[in-house]
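[1] Got a sequence here, can you model it:
(chains A and B)
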Amino acid sequence: MSIPASHRRAAILVAALLVPAAANAHGVIGARFFPATISSDDPFAADELALPTITIFNHETDTDFDYSKSIFPGFAIDFGMGYVDANPPGGGHASGFSNLDVAPAMELFRSPEHEFIFSAGVDWEIGGSGSRSVADRSSTFTPTIKYGKGFGDLPDEMALLRPLAVTGTVGFAITGAGSNSIAWAGAVEYSLLYLQNNVRDQGFSNFVAHLTPIVEYSFTSPVDAGGGGETTGTFNPGLIWSGQYTQLAIEAIVPANRASGDNVGVIAQLHFYIDDIFPDTLGKPLFGGK
Amino acid sequence: MNARSFLAGVAIIGLAAPAFAHAFLGHAAPAAGETLATAPKQVALTFSEQLEPTFSGVTVADSAGQDVEAGHAIVAGESMSVTLKPLVPGTYRVTWHAVSVDTHRTEGAYSFTVKP
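    Numbers count the residues shown, from 1 in each chain, chains lettered A, B, ... in the order given. Okay, the predicted model is just below:
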């Protein structure tokens, strides 16, 4: 008896959803653990919660939350929102909630051997969803590609550079107001855990071994004809401590040029690995997880 | 949200569930990059989480890529170990993979050297 093609497809789909799979969770690919970056997106689609992220920069204090939920392995939707308290030097205090960000992202390629991951997504800032006093009325769509690469495949002569890794994103921001731009961001990081476990045991304490010195950057380059302004952005050097279930991060915010800001700020984040805290409930994909 | 509510939320998230996590390597003997005057008789690794024995393991190879284990890896609790054949001076590569009991997978590799 032959099975109709539609039934075969349905059976394959059901099998794919039910077969247990080793979990591909936050920030791990091959021998590399990437901590969650705080000033730029990382390329992983995972179950995570950042609460809070506090940013003090350019006469403004932002308190943000961000929750990422995996729908199926390799695909997650991120929700973000925050509270803005702005005190510009010329007066005119303003405060309120920022727009809601919804950002689905999908991992498209993984190479554990080369500690490489590539993903793509769209960030949708929903215009008008925040407070009128601080949030834009128009929406912004930003299709984005993201990557991460660890350098554990460097030759023996360069072994001390193996703990290095980079992440990056490039997006094209399409605004309802008509001023489009390229958003490019990323991080350069040096994992002491990788150094300790995969290159040379330095005798670090457990706390020190889980530190990652990092420099993040985040820039926006206007692309519209007619002079939409100059490129602005910041370099953010800092430190991330990654535990089993949480991570703490703090970075300075250094404006790259005069147009980007007139003082050094700070950003700090408490982050929860939901996939590790609730592996059998909240922390697994809605479909197709273990 | 006041500070008390926030801290309560953090506590709920952090403490409410029996949690498992990625099994990260905590201690290795011989250690990564170590140079030994005497050949070790085994490699022993300790992890941060309980391991799933069926899906976890460790191999050791010499510089020619030949395995030098004297038997199968023993995986129990948060540890795994493997007994080695008598080692001659040279550099050896330890390659491990660990699946914690909640199925999160980690892996790693490092080298150690036995002096002449």
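[2] List the buried residues in stretch A:216-236.
    Neighbour counts over stretch A:216-236 (16 or more other CB atoms under 10 Å in any protein chain shown) mark A:Glu216, A:Tyr217, A:Ser218, A:Phe219, A:Thr220, A:Pro222, A:Thr232, A:Gly233, A:Thr234, A:Phe235, A:Asn236 as buried. Backbone N, C-alpha and C define where each C-beta goes, glycine included.
[3] closest to chain B among those residues?
    A:Glu216 (22.9 Å; CB to the nearest CB).
[4] who's in contact with the helix or strand where the closest one lies?
    A:Glu216 belongs to strand A:211-222 when elements are defined using DSSP states H and E. Strand A:211-222 has contacts (CB atoms under 8 Å, 6 or more residues apart in numbering or on different chains) with A:35, A:37-40, A:173, A:179-193, A:228-242, A:249, A:251, A:256.
[5] now that strand: mean pLDDT?
    Here strand A:211-222 scores 97 as its mean pLDDT.
[6] which is the next helix or strand following that strand?
    strand A:232-242.
[7] For that next one, name the packing helices and strands.
    If contacts are counted by 3 or more CB pairs under 8 Å, 6 or more residues apart in numbering or on different chains; DSSP states H and E, strand A:232-242 sits against strand A:211-222, strand A:246-255, strand A:265-273.
[8] Please identify which of these is closest to A:Thr61.
    Distance to A:Thr61, taken as CB to CB, is lowest for strand A:265-273 among these, at 9.5 Å.
[9] what are the pairing partners of the strand holding A:Glu216, and which direction each?
    Here strand A:211-222 has these sheet partners by DSSP bridges: strand A:181-190 (antiparallel), strand A:232-242 (antiparallel).
[10] Got a PyMOL select line for the buried ones in the contacts of strand A:211-222?
    Buried residues among these (16+ other CB under 10 Å), as a PyMOL selection:
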select buried, chain A and resi 35+37+38+39+40+173+179+180+181+183+184+185+186+187+189+190+191+192+193+232+233+234+235+236+238+240+242+249+251
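[11] Flag every residue of the stretch 151-290 of chain A that's near chain B.
    Residues of the stretch 151-290 of chain A lying close to chain B (CB under 8 Å from any CB of the partner chain) are A:193, A:196-201, A:206, A:244-246, A:270, A:272-281, A:290.
[12] before we move on, the earlier item: looking at the buried residues of stretch A:216-236, which is nearest B:Gly26?
    Ranked by distance to B:Gly26 (CB to CB), the buried residues of stretch A:216-236 are led by A:Glu216 at 27.9 Å.
[13] ok so, going back, can I get the strands paired with strand A:211-222 in JSON lines with distance to B:Gln66 and mean pLDDT?
    Formatted as JSON lines, these follow (distance: least, CB to CB, whole Å; pLDDT from 0 to 100):
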{"stretch": "strand A:181-190", "distance to B:Gln66": "33", "mean pLDDT": "97"}
{"stretch": "strand A:232-242", "distance to B:Gln66": "36", "mean pLDDT": "97"}
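[14] Dump those into CSV; add distance to B:Val60 as well.
    Listed next are the strands paired with strand A:211-222 as CSV, based on distance: least, CB to CB, whole Å:
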stretch, distance to B:Val60
strand A:181-190, 28
strand A:232-242, 28
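[15] Now the buried members of the residues of the stretch 151-290 of chain A next to chain B.
    Looks like these have A:193, A:196-201, A:244-246, A:270, A:272-279 buried, using 16+ other CB under 10 Å.
[16] low pLDDT regions in chain B?
    B:1-20 (pLDDT under 70).
[17] Tell me where it has helices.
    Ranges of helices within chain B are B:3-15, based on DSSP state H.
[18] Burial check on B:Thr46, number of neighbours?
    B:Thr46 sits with 15 neighbouring residues when counted by other CB atoms under 10 Å in any protein chain shown.
[19] what residues are up against B:Val82?
    Neighbouring residues of B:Val82 by CB under 8 Å, 6+ apart: B:Gln42, B:Val43, B:Val58, B:Thr59, B:Val60, B:Glu69, B:Ala70, B:Gly71, B:His72, B:Ala73, B:Ile74.
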